[in-house]
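> missing the sequence, but the structure's below:
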């Protein structure tokens, strides 16, 4: 079973769980399903070569009897995406109450938002 097939199987199970439990959006199952959908939407990377323990390196896919392992290049680096001033202000407004500012929660919110935008 390929990784893509395994991820699709997990996504189907999570979506079935959500339907049977009538879960309203949010929570770990919904987050996991969304992450799987995003990953499955990405194109599958093609191997650049194959290697076999007993037969060496191949640029074309060798005979299956040689039990070849695919070799891949490193994925391209994704450019960092920061937050806009409006996003910072919007998050800050959520943590200001009665002249009290919860800086730890605000920092955690910023970190979570940056992770969301950059993964």
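Sure thing, it's come through. Since this is a predicted model, take the numbers as computed values, not measurements.

> And what about residue 51, helix, strand or coil?
strand (DSSP: H, G, I helix; E, B strand; the rest coil).

> typo on my end, residue 4
helix.

> Might one say that it is in contact with residue 44?
Yes. Applying C-beta atoms under 8 Å as the test, residue 4 and residue 44 come out as touching, 6.3 Å apart. In this view, the C-beta of every residue, glycine as well, is placed from N, C-alpha and C.

> what residue is smack in the middle of the chain?
residue 35 (5.0 Å; C-alpha atoms, centre = their mean).

> That residue: which element?
helix 28-41 (DSSP states H and E).

> From the rest of the structure, what touches that helix?
Helix 28-41 is touched from outside by 4, 7, 8, 10, 11, 14, 15, 17, 18, 23, with contacts defined as C-beta atoms under 8 Å, 6 or more residues apart in numbering.

> what's the answer for stretch 79-88, then?
With C-beta under 8 Å, 6+ apart as the criterion, stretch 79-88 contacts 110, 113, 114, 117, 118.

> Among those residues, which lie within helices?
110, 113, 114, 117, 118 (DSSP state H).
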